[in-house]
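Trainee: when you get a sec, could you give me coordinates for this:
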Amino acid sequence: MKEQLISRVPLFASLPRGEIEHLAETLRLCEFPDGTLVFREGSTGDRFYILLDGQVEIIKALGTDSERLLGVRQAGSFIGEMSLFSHDGRYTASVRARTPLQLLEMTRADFDALLHRQPTLAYEVVRTLSLRLDESENLTIRDLLEKNRQLRQAYDELKAAQAQIIENEKLQAELDVARTIQRSILPRTRPRLPGFDFGMLVEPMRSVGGDFVDFIPLGDDRLGIAVGDVSDHGVPAAIFMALTYSLLRAEASRASSLSQALHSVNRHLLDMNESSMFATVLYGILNGATREFRYVRAGHEMPLLLDARGEIIGLERGIGQPLGLFPEVALDEQSVALPSGSLLLMYTDGVTEAMDRDGQLYGLERLHTVLRADRRMSAQDICDSAWDAVRTYSGAAAPRDDVTLVAVRVE
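Mentor: Below is the predicted model:
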């Protein structure tokens, strides 16, 4: 019975039967009478709930003059998920039972383990939250229109100012949610591999961006490293980034070669992409035993390799085309041995194409100068120092693109 209820939840509908059985065995079933306050806005928690039966009300500012009903969730929905994505674990709204409820309780540990086993589920979570934002926005607009109709004659000027303030707050709230989701997708910690030191930095030009980084443990002292850059910026790029990230992580674990993994990602993107967006990707496998880095490049910036003296080691370069544009994409697959004391840097074009107030590009030469001066630092300090140098160079000029850096120091 429990398995049937879980399989009817849209979020879990695509999960394999074995995963459904595992969730049925491990997740705790909770029941609440109608009127129960499941959790209150601002309280902290490390779990969210899947609604198997009943209805709940989503309420902002409960018990105050500003109390507002954001929506009613039916069976098959999940609630409280934002506590898993916020750094302080706080719930962003109150949830009250409208009818008797049957809920499945999922802790942060349960959710992290599920995403690790089923990484493509992250895209379904992003899609569901995006639909919720639209629903909340429509509800808010309807409420405002009704209030404005009543106050229009007496408060025309106040109405316009109030609508603008609310719209700005709503947009900022949506962007904050999107940023939280995007940060939760990207790696939270740097990987560990004997003989190597890793650093990473992702700085979107807006609240959310189209750059991504991933570290994929492949066993046998092998580590997959991916850096990607999606065309366009903002929320559309962030959604396309999440899709590309999820597809690459899924294909990397089962593909027989680097090129096959990217060819599969490209095929999926062509099937799903109606926006003409594309992604450049650099994906490689670092072999800790042999110190070999074998990589494939799909239209992305070439990696930089510096020897122990800080001099650039020339790398072979072939034709590599972005993913999501061509049915038969050309990929540049190479292999390089990493000498002792060397530094490998992967980055997006937001670094080299940063501009000062006169429109002059930062360029590779300045980046090389910073890396050579900082090569004795930790890999993370190198990423931070390079980002500081780019910001100093740009000065007051608005950033034109997202900035991503991944550094690997060979000890």
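Trainee: beyond the one helix or strand in the chain whose mean pLDDT sits lowest, next helix or strand please.
Mentor: Using mean pLDDT, DSSP states H and E, the weakest-scoring helix or strand in the chain turns out to be helix 156-185, at a mean of 60. Following helix 156-185 in sequence order, the next helix or strand is strand 196-203 (DSSP states H and E).
Trainee: in the next helix or strand after that next one, what counts as buried?
Mentor: For strand 196-203, the following helix or strand on the C-terminal side (DSSP H and E) is strand 211-219. Within strand 211-219, the residues scored as buried using 16 or more other CB atoms under 10 Å are 211-216. Using the backbone N, CA and C atoms, a C-beta is placed for each residue, glycine as well.
Trainee: dump those to JSON lines, plus pLDDT and distance to Ala242.
Mentor: JSON lines is the format used below for those (pLDDT from 0 to 100; distance: CB to CB, whole Å):
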{"residue": "Asp211", "pLDDT": "87", "distance to Ala242": "12"}
{"residue": "Phe212", "pLDDT": "89", "distance to Ala242": "8"}
{"residue": "Val213", "pLDDT": "92", "distance to Ala242": "13"}
{"residue": "Asp214", "pLDDT": "93", "distance to Ala242": "12"}
{"residue": "Phe215", "pLDDT": "94", "distance to Ala242": "17"}
{"residue": "Ile216", "pLDDT": "93", "distance to Ala242": "16"}
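Trainee: might you list the low-confidence residue ranges for the protein?
Mentor: Low-confidence segments of the chain (pLDDT under 70): 1, 85-87, 129-146, 156-185, 206-208, 398-399.
Trainee: and the helices in it, which stretches?
Mentor: Secondary structure of the chain (DSSP state H): helices at 2-7, 17-26, 82-85, 108-117, 121-151, 156-185, 234-252, 258-272, 349-352, 363-374, 379-394.
Trainee: now do the first one: which elements does it pack against?
Mentor: Using 3 or more CB pairs under 8 Å, 6 or more residues apart in numbering; DSSP states H and E as the contact definition, the elements that helix 2-7 packs against are helix 17-26, strand 47-53.
Trainee: any idea how far apart the tips of stretch 389-401 sit?
Mentor: Start-to-end span of stretch 389-401 (CA to CA, to the nearest Å) is 15 Å.
Trainee: for it, buried residues please.
Mentor: Neighbour-count burial for stretch 389-401 [16+ other CB under 10 Å]: 389-390, 393-394, 399, 401.
Trainee: name the nearest of those relative to Gly195.
Mentor: Ranked by distance to Gly195 (CB to CB), the buried residues of stretch 389-401 are led by Ala389 at 27.6 Å.
Trainee: Leu345 versus the nearest residue to the closest one once chain neighbours are set aside, what's the distance?
Mentor: Nearest residue to Ala389, sequence neighbours excluded (CB to CB, 6 or more residues apart in numbering): Val370, at 4.8 Å. Between Val370 and Leu345 the computed distance is 10 Å (CB to CB, to the nearest Å).
Trainee: who touches both of the two?
Mentor: Shared contacts of Val370 and Leu345 (CB atoms under 8 Å, 6 or more residues apart in numbering): Ala386.
Trainee: number of residues surrounding Met106?
Mentor: Burial of Met106 is recorded as 22 neighbouring residues (other CB atoms under 10 Å).
Trainee: and Val56, what is it in contact with?
Mentor: By CB under 8 Å, 6+ apart, the neighbours of Val56 are 38, 72-73, 77, 79, 95-98, 101.
Trainee: bridging residues for it?
Mentor: Beta-bridge partners for Val56, by DSSP bridges, are Arg73, Ala97.
Trainee: what would the helices and strands packed on helix 2-7 look like in a markdown table with distance to Met272 and mean neighbour count?
Mentor: Listed next are the helices and strands packed on helix 2-7 as a markdown table, based on distance: least, CB to CB, whole Å; neighbours: other CB atoms under 10 Å:
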| stretch | distance to Met272 | mean neighbour count |
| --- | --- | --- |
| helix 17-26 | 22 | 14 |
| strand 47-53 | 26 | 21 |
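Trainee: any chance of a markdown table for those, columns distance to Asn266?
Mentor: As requested, these are exported to a markdown table (distance: least, CB to CB, whole Å):
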| stretch | distance to Asn266 |
| --- | --- |
| helix 17-26 | 27 |
| strand 47-53 | 34 |
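Trainee: quick one: closest of these to Glu274.
Mentor: That would be helix 17-26 among the helices and strands packed on helix 2-7, by CB to CB, at 29.3 Å.
Trainee: angle of the closest one against helix 108-117?
Mentor: Orientation check (axes from the mean of the first three to the mean of the last three CA atoms, to 10 degrees): helix 17-26 against helix 108-117 gives 170 degrees.
Trainee: got the contact list for helix 17-26?
Mentor: 2-3, 6-7, 12, 15, 104, 110, 114, 117-118.
Trainee: show me which residues of stretch 319-337 are buried.
Mentor: Going by neighbour count (16+ other CB under 10 Å), the buried part of stretch 319-337 is 320-325, 329, 331-334, 336.
Trainee: among those, which lie within strands?
Mentor: 332-334, 336 (DSSP state E).
Trainee: so which of those is the closest to Arg375?
Mentor: Of those, the one sitting nearest to Arg375 (CB to CB) turns out to be Val336, at 17.4 Å.
Trainee: tell me the spacing between the residue nearest to that closest one when sequence neighbours are not counted and Leu345.
Mentor: Spatial nearest neighbour of Val336, chain neighbours left out: Phe293 (5.4 Å); criterion: CB to CB, 6+ apart. For Phe293, the distance to Leu345 equals 12 Å [CB to CB].
Trainee: between the two, which contacts overlap?
Mentor: Jointly contacting Phe293 and Leu345 under the rule CB under 8 Å, 6+ apart are Val408.
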